[in-house]
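**Student:** One predicted model, sequence on top.
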Amino acid sequence: EADVLLGGAGQQQQEGATIIAQKSASLLRLGILMAITMTLHNMPEGFAVAFSAFTRLGPIMAIAIAVHNIPEGVIIAAPIYAATGSRWKALGLATASGLSEPFGALLALLLLRPFLTPERLQYLLAGTGGLMLAGCIIEL
């Protein structure tokens, strides 16, 4: 009866809450998907940084990758923050994903160095680029 008196305002509020919940779930899914994709992207990128450290291009490569990691963190943090309202969750997930790069560099230097040739590294980086492209085409 109250809903009739208010002209359906209660139903509109419920519909609005449902839409907001769906958008939050969608943004959370996007943020988690981007975190997974960026983690898989950063690992071989860490290999490239590790091996370029032994060349004269090492400092340039390190700076270029450091600068491009900023928007990579944003594509993870922004949807997580929008979905949860928590800066800590957004920052934590973006940081965890970003730490896969130095982990990849350490892994490359300690374990994979004898097996990772320049040609294999190129294949890894090409696969990584394909993964990023697929994520963009499918999800964005």
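**Tutor:** Noted; the coordinates are in hand.

**Student:** how far away is Tyr81 from Arg87?
**Tutor:** 6 Å (Cβ to Cβ, to the nearest Å). Bear in mind the C-beta positions are built from the backbone N, C-alpha and C, glycine included.

**Student:** ugh, wrong one, I meant Ala35
**Tutor:** Here Ala35 is placed at a distance of 16 Å from Arg87 (Cβ to Cβ).

**Student:** next one: Tyr123
**Tutor:** Spatial separation of Tyr123 from Arg87 under the definition Cβ to Cβ is 38 Å.

**Student:** Ok, Ala96 next?
**Tutor:** Counting by Cβ to Cβ, the gap between Ala96 and Arg87 amounts to 15 Å.

**Student:** picking that back up, higher neighbour count, Ala35 and Arg87?
**Tutor:** Taking other Cβ atoms under 10 Å, Ala35 and Arg87 do not tie; Ala35 has more neighbours (22 against 11).

**Student:** Please compute how far whatever helix or strand the more buried one lives in lies from its chain's middle.
**Tutor:** Using DSSP states H and E, Ala35 maps to helix 9-52. Averaging C-alpha coordinates over helix 9-52 and over its chain gives two centres that are 8 Å apart (Cα atoms, centre = their mean, to the nearest Å).

**Student:** Ok, stretch 46-54 next?
**Tutor:** 21 Å.
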